[in-house]
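Chemist: sharing a sequence plus its predicted fold:
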Amino acid sequence: IFGTGLFYKINDDDYLSFNVDGKFQNDAFDINTVTFNKNEETVNNVLTLSENNSDKNYANAFFNYSKKIKSIDTQLFTGFQYSDFEQNEMALVQNNFNDSEFLLAQNRKQDFNIDVFSGRFDLEKKLKNDYKIEVGALYLSAKGKTKISISDFDAENEIASNYNLNEKNIAGYTQLSGKLKNNNFLVGFRVENTDVTGKFKTDSIPLINKNYVDFFPKFQFEIPIDSLKSISFNYSKSIIRPNYSAMNQGSTYINPFYLYARNINLDPTINNEIATSFQYKNKTVQLRYYQNTNPVYSSYIYDDLSNILMFKEVNFDKESGFNLDFTLPFNYGIWSSTNSLIFTINKIEDSNALAGDSKPYLYYYSNNMFKLPKDYTISLTTWGLTEQKEGVFERNAKFTMDFAMSKTFFKSWECTLSFNDIF
C-alpha cells in the first residue's frame with residue numbers, strides 16, 4: 001500500500017492539490033467443497049479441491065484546482081482523476097467422484113483490467129438575497145478488458161474468450177438554493193448521456209450497445225416552525241450504476257455443479273424518492289416513499305441442460321416501499337445514547353420469480369456510551385432486523401452486539417479494547 005499527496009494554498013481563496021495512492025495484493029487460497037448431487041436417479045458425491053492464486057493491482061491519481069474569479073465573484077473548481085485496476089487469477093481444479101480418485105477437471109486463467117478517467121468542473125456564485133447558483137459538468141470514460149483461458153480436462157477442449165467494454169458518460173447539472181422568506185429551498189436537475197458498448201472479439205456485432213439520456217430533478221424545501229421545530233419536504237430522482245467490477249466476465253469454479261459469476265449486462269438502477277420529515281431539537285421522524293426500477297440483487301440461475309447452478313447479480317423488474325424512521329438521541333448524566341428505529345415495508349418484484357408476501361419489518365440500532373471516572377469510557381452497540389418478507393426474498397431475523405472499553409492517557413492518547421459480534 002502506498003500513497004502521497006500535495007496541497008498548496010495559493011492564497012486565501014485559491015488552492016491546488018495532487019494525490020496518488022495504490023495497493024498491490026497477492027492472495028493464494030483454496031476453495032474446497034464436499035457436494036451431494038442427485039439428478040433424477042443419478043447420485044454423485046464429489047470432493048473438489050481448487051488451488052487459486054490472485055494478483056490485484058490498483059493505482060489512483062487525482063488533481064484538483066479551486067480558484068476565486070473575483071471579476072464576477074464566482075468560485076471555480078475543476079478536478080481530474082485516473083484509476084487503473086488489474087486482476088490476474090489462476091485456478092487448478094481437481095474432483096474426486098464417489099470416493100474414487102482425484103482427477104484434474106479444469107485449469108483456469110482469467111485476466112481483467114479496467115481504466116477509468118474522469119474530469120469535472122463546477123461554478124458557484126452567490127446572488128442577491130442569499131441565493132446561490134451552481135453549474136457543473138462531468139466527463140467519464142471507462143475501458144474494461146477481460147481475457148479468459150480454460151482447459152477443460154473433462155470435456156477435453158479449450159475455452160478462450162476476449163471481451164472489451166467501453167463506457168462514456170457526459171453529464172451537466174445546475175441548482176439554485178437560498179431562502180424564500182424564512183424557508184430554505186433547493187431546486188435543481190442533472191442531465192446525463194451514457195454510451196456503452198460491449199463486444200466479444202469473435203463476435204461480429206456487440207453484445208451490449210446502449211445509448212440513453214436520463215433526467216434527474218431534485219427539490220428540497222424546509223419550513224422552520226420556531227427555533228426548535230421544522231418540517232422539510234424532499235423529492236429526488238437518482239441513478240445507481242453497477243460497480244465497474246461487473247465489467248469482468250470471469251467466474252469462480254465452486255464445484256462441478258455450481259459457479260459464482262459476474263453479470264456483464266447489468267443495467268443501472270433508477271431511484272425515485274419522496275420524503276417528509278419533522279425535527280424537534282435533535283430528534284427526527286421521517287416518512288419516505290421510494291420506487292426503484294431495475295434494482296440489482298443476487299440470484300440463482302439453473303441451466304438444466306448442463307446441470308449447473310450459477311449465482312450472480314441480476315436486474316429485477318422493480319422495487320418499492322415505505323420507511324418510517326425515528327432518530328432519538330438523548331443524554332442523561334454519564335450516559336449518552338444514539339438510537340434509530342426504522343419501520344419498513346418493501347416489495348421486490350420480477351416476472352421470472354415467484355413472489356411471496358410483503359410484510360413490515362423493523363431495523364433497530366442503539367449506541368450507548370458511559371463516561372466513567374479516570375477517563376474510562378464504555379461503549380455498548382446493538383443492532384438488528386426482524387424477519388423480512390419482501391416479495392421475492394424472505395430473510396431471517398438477525399441481532400448483533402458490540403462492546404468496547406477505552407482509556408485516555410496523557411489527555412491525548414486513547415487505548416481501546418473491542419469485542420465485536422458478542423451475540
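Modeler: Arrived safely, thanks for sending.
Chemist: tell me how many other residues crowd Leu165.
Modeler: For Leu165, the neighbour count with other C-beta atoms under 10 Å is 23. Just so you know, the C-beta spots here come from the backbone N, C-alpha and C atoms, and that holds for glycine as well.
Chemist: ok, then the element right after the helix or strand containing it?
Modeler: Secondary structure from DSSP states H and E places Leu165 in strand 157-180. Later in the chain than strand 157-180, the nearest helix or strand by DSSP H and E is strand 183-200.
Chemist: quick revisit: return the set of buried residues in the strand holding Leu165.
Modeler: Ser161, Tyr163, Asn164, Leu165, Asn166, Glu167, Asn169, Ala171, Tyr173, Gln175, Gly178 (16 or more other C-beta atoms under 10 Å).
Chemist: who does it touch, helix- and strand-wise?
Modeler: In terms of contacts (3 or more C-beta pairs under 8 Å, 6 or more residues apart in numbering; DSSP states H and E), strand 157-180 is packed against strand 132-152, strand 183-200.
Chemist: how far off centre is that strand?
Modeler: 15 Å (C-alpha atoms, centre = their mean, to the nearest Å).
Chemist: what about that strand, average pLDDT?
Modeler: Confidence over strand 157-180, taken as the mean pLDDT, stands at 93.
Chemist: in its sheet, which strands sit next to it, and in what direction?
Modeler: Strand partners for strand 157-180, identified by DSSP bridges, are recorded as strand 132-152 (antiparallel), strand 183-200 (antiparallel).
Chemist: looking at these, which is closest to Phe80?
Modeler: strand 132-152 (9.7 Å; C-beta to C-beta).
Chemist: and that closest one, which residues are buried?
Modeler: Result for strand 132-152 [16+ other C-beta under 10 Å]: buried residues 133-134, 136-138, 140, 142, 144-148, 150-151.
Chemist: same thing with stretch 50-62?
Modeler: Going by neighbour count (16+ other C-beta under 10 Å), the buried part of stretch 50-62 is Ser50, Asn52, Tyr58, Asn60, Phe62.
Chemist: may I have the phi/psi pair for the last one?
Modeler: Torsion angles at Phe62 (phi, psi; degrees, to the nearest 10) stand at phi -150, psi 150.
Chemist: spit out the contact partners of it.
Modeler: Phe18, Asn19, Gly79, Phe80, Gln81, Tyr82 (C-beta atoms under 8 Å, 6 or more residues apart in numbering).
Chemist: could I have the buried ones of those as ChimeraX selection syntax?
Modeler: For the buried members of those, the matching ChimeraX selection, counting by 16+ other C-beta under 10 Å, is:
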select :79,80,81
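Chemist: just put the contacts of Phe62 in JSON lines and tack on distance to Asn45, secondary structure and pLDDT.
Modeler: Output for the contacts of Phe62, formatted as JSON lines (distance: C-beta to C-beta, whole Å; DSSP: H, G, I helix; E, B strand; the rest coil; pLDDT from 0 to 100):
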{"residue": "Phe18", "distance to Asn45": "58", "secondary structure": "strand", "pLDDT": "96"}
{"residue": "Asn19", "distance to Asn45": "54", "secondary structure": "strand", "pLDDT": "96"}
{"residue": "Gly79", "distance to Asn45": "57", "secondary structure": "strand", "pLDDT": "96"}
{"residue": "Phe80", "distance to Asn45": "56", "secondary structure": "strand", "pLDDT": "97"}
{"residue": "Gln81", "distance to Asn45": "51", "secondary structure": "strand", "pLDDT": "97"}
{"residue": "Tyr82", "distance to Asn45": "51", "secondary structure": "strand", "pLDDT": "97"}
